[in-house]
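*Asks:* no sequence on this one, just coordinates:
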């Protein structure tokens, strides 16, 4: 399991790395800041619906593959 937040678990870092992407590359493709990607990966920030969908689309994954409730 990826980094956890009290209300959300995520596998973003694992999926991103499996696709050979850096945080910077993912951020550019998803059109968000690298800091946003970092904050989500580290469980500091729960992404908005729009951000979660944008990340999932960029990684060709479902939101549920990346994020899940504990």
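*Replies:* Arrived safely. This structure is a prediction, so every number in the text was calculated from the model and none was measured. Numbers count the residues shown, from 1 in each chain.
*Asks:* Okay, buried residues for the longest helix seen in the chain please.
*Replies:* Longest among the helix segments of the chain by residue count, using DSSP state H, is helix 49-58. Residues of helix 49-58 classed as buried by neighbour count (16 or more other C-beta atoms under 10 Å): 51, 52, 54, 55, 56, 58. In this view, the C-beta of every residue, glycine as well, is placed from N, C-alpha and C.
*Asks:* What's the first helix or strand after the helix or strand bottoming out on mean pLDDT in the chain?
*Replies:* Counting by mean pLDDT, DSSP states H and E, the chain has its least confident helix or strand at strand 4-5, which shows a mean of 66. Per DSSP states H and E, the first helix or strand lying C-terminal to strand 4-5 is strand 8-10.
*Asks:* what about whichever helix or strand comes after that next one, distance to the chain center?
*Replies:* Downstream of strand 8-10, the first helix or strand assigned by DSSP H and E is helix 12-18. Its chain's average C-alpha position is 8 Å from that of helix 12-18, according to C-alpha atoms, centre = their mean, to the nearest Å.
*Asks:* Show me what helix 12-18 packs onto, helices and strands only.
*Replies:* The contact analysis (3 or more C-beta pairs under 8 Å, 6 or more residues apart in numbering; DSSP states H and E) places helix 12-18 against helix 34-41, helix 63-66.
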